[in-house]
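**Student:** Dropping the sequence and predicted coords here.
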Amino acid sequence: MNDSDASLGNPDEMTILELQGKVDSWIKEVGVRYFSELTNLAVLVEEVGELSRILARTYGDQSFKKSDAAYSLPDEMADILFVLVCLANQTGVDLTRAIHDNLLKKTMRDATRHRDNPKLQP
C-alpha cells in the first residue's frame, strides 16, 4: 500500500459523509476543479450507459464484443456513484440525509404496495 492508498482509508468503514469528503478532496487535489453540473450530468448519463452495456450483455440477450472486455461491473457502478457524489457536493446535497429521507418516504408510501402486488408474489 502506498501513501495515496492509505489516504483513502478503509473502504469497509466509509460513511456516505466521508465519501462526499473524500471525493471533494480528490477533486481539489487531483481533478483541479469540479466539472460544471451540466457536464457532470452528461458524464453520469454516459456512465449509466456503460453499466447498461454490461448488464445487457451479462443478463440480457446481447453477447459481449472484444471491446467490452475493459468494462467491469463494480468499476462502472463506482463511476456512477463518484459522479453522483460530485453532483451532490456541487449542489449542497447531504446524501446521508437524502437517502434517510428517501427511505422514510418510500416506507410510508409503499407500506403494503409491494406486498400486495400480485406480480411480486412467488
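**Tutor:** Arrived safely, thanks for sending. What you see is a predicted model; the values in this text were computed from it and never measured.

**Student:** Mind jotting down where the helices sit in the protein?
**Tutor:** Remark: helices assigned in the chain by DSSP state H are 3-7, 16-29, 37-58, 73-91, 95-109.

**Student:** Tell me how far R97 lies from N89.
**Tutor:** As defined by Cβ to Cβ, to the nearest Å, R97 lies at a distance of 14 Å from N89. C-betas here are computed from N, CA, C, even on glycine.

**Student:** can you tell me which of the helices of the chain the model trusts least?
**Tutor:** For those, the bottom mean pLDDT is recorded on helix 3-7, which sits at a mean of 57.

**Student:** quick one, what contacts the residue positioned nearest the centre of the chain?
**Tutor:** Central residue of the chain (Cα atoms, centre = their mean): L81, 2.1 Å from the mean position. Remark: with contacts taken as Cβ atoms under 8 Å, 6 or more residues apart in numbering, L81 is in contact with L19.

**Student:** List the buried residues in stretch 105-122.
**Tutor:** Applying a neighbour-count criterion of 16 or more other Cβ atoms under 10 Å, stretch 105-122 contains no buried positions.

**Student:** from the chain's centre, how far out does that stretch sit?
**Tutor:** Centroid displacement of stretch 105-122 relative to its chain, using Cα atoms, centre = their mean, to the nearest Å, is 25 Å.

**Student:** Let's see it as CSV, backbone CA atoms only.
**Tutor:** As requested, C-alpha coordinates have been extracted for stretch 105-122 and formatted as CSV (Å, rounded to 0.1, in the frame of the first residue of the first chain):
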residue,chain,number,x,y,z
LYS,A,105,-40.8,8.4,2.2
LYS,A,106,-40.7,5.0,0.4
THR,A,107,-41.5,3.2,3.6
MET,A,108,-44.6,5.3,4.3
ARG,A,109,-45.8,5.4,0.7
ASP,A,110,-45.2,1.8,0.0
ALA,A,111,-46.0,0.2,3.3
THR,A,112,-48.2,-2.5,1.7
ARG,A,113,-47.9,-1.7,-2.0
HIS,A,114,-45.2,-4.2,-2.9
ARG,A,115,-46.5,-6.9,-0.5
ASP,A,116,-50.0,-6.6,-2.2
ASN,A,117,-48.6,-6.6,-5.8
PRO,A,118,-49.5,-9.9,-7.4
LYS,A,119,-46.7,-9.5,-9.9
LEU,A,120,-44.2,-9.8,-7.0
GLN,A,121,-45.6,-12.9,-5.4
PRO,A,122,-43.6,-16.1,-5.6
